[in-house]
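Enquirer: Need a 3D model of the following:
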Amino acid sequence: MSDEDFDLDIDDLARRMDGAIGSLRTEFASLRTGRASASMLEPVMVDAYGQKTPINQVGTVNVPEPRMVTVNVWDKGLVGKVEKAIRESGLGINPQLNGTIIMLPIPELNEERRRELTKVAAQYAENARISIRNVRRDGMDQLKKFKADGMSEDDHKIWSDEVQALTDTEIKKVDDALETKQAEIMQV
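Expert: Residues are numbered from 1 along each chain as shown. This is a model prediction of the structure:
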């Protein structure tokens, strides 16, 4: 076999690692900081029309002021279910009804809750690091197979270094994102 036969798809590895970071950003967006944001309701699923439906598919989510999120429910019959879903979501927000509009005042976070949230953020980041390392392992396993099939020692080293450099870059992105998120959570 010639060296051209050994083609590690580094772009595929990078795409999969970026996927882990994208997933981490989504998880971070759902973590409640002291400020209101529409994305904090993204994980909330409403039991609507016989199935679990994302909250943004049963109403309009708005942020009229820094400490208030509103959900304008389109179907009057679902208001109760949307309220229940928010109450049971674990976000620690108490919904207030005003016709078909559900208002969600965002309380100040106390010190203890902030520390809890930084731990949750750290756990999300660790899960992202594990995903990235798993992708790295897949890449390294492919390289081992190529080497067994006759890839030269030099090529193996070059590819291994490239996979490791990619992994280091992606892990650094996770660490930076975590640092930013924790600072945001602790900011009073």
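
Enquirer: Show me what secondary structure element comes after the top helix by length along the chain.
Expert: Longest helix in the chain, counting residues (DSSP state H): helix 111-148. Proceeding N to C from helix 111-148, the next assigned helix or strand is helix 153-186, under DSSP states H and E.

Enquirer: Sketch out the low-pLDDT regions of this structure for me.
Expert: Low-confidence segments of the chain (pLDDT under 70): 1-5, 32-34, 188.

Enquirer: try it again with 50
Expert: 1-3 (pLDDT under 50).

Enquirer: follow-up on the earlier one: other SSEs contacting the longest helix of the chain?
Expert: helix 10-30, helix 153-186 (3 or more C-beta pairs under 8 Å, 6 or more residues apart in numbering; DSSP states H and E). Bear in mind the C-beta positions are built from the backbone N, C-alpha and C, glycine included.

Enquirer: okay if I get those as CSV plus distance to Glu116?
Expert: Shown next, in CSV, are these (distance: least, C-beta to C-beta, whole Å):
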stretch, distance to Glu116
helix 10-30, 14
helix 153-186, 9
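
Enquirer: and the gap between Leu97 and Asp141?
Expert: 55 Å (C-beta to C-beta, to the nearest Å).

Enquirer: Between those two, which is the more surrounded one?
Expert: Set Leu97 next to Asp141 and count neighbours by other C-beta atoms under 10 Å: Leu97 wins out with 13 against 10.

Enquirer: and the more buried one, what does it touch?
Expert: Contact analysis of Leu97 by C-beta atoms under 8 Å, 6 or more residues apart in numbering lists 79, 83, 103.

Enquirer: tell me, how many neighbours does the second one end up with?
Expert: What that stands for is Glu83. Residues near Glu83, counting by other C-beta under 10 Å: 19.

Enquirer: how about the CA coordinates for stretch 181-188, as CSV?
Expert: This file holds the C-alpha atoms of stretch 181-188, laid out as CSV (Å, rounded to 0.1, in the frame of the first residue of the first chain):
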residue,chain,number,x,y,z
LYS,A,181,-19.7,30.9,31.8
GLN,A,182,-18.6,30.6,35.4
ALA,A,183,-17.6,34.3,35.5
GLU,A,184,-21.0,35.1,34.1
ILE,A,185,-22.7,33.0,36.8
MET,A,186,-20.7,34.5,39.7
GLN,A,187,-21.2,38.1,38.5
VAL,A,188,-23.7,39.8,40.8
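
Enquirer: Many thanks, we can stop here.
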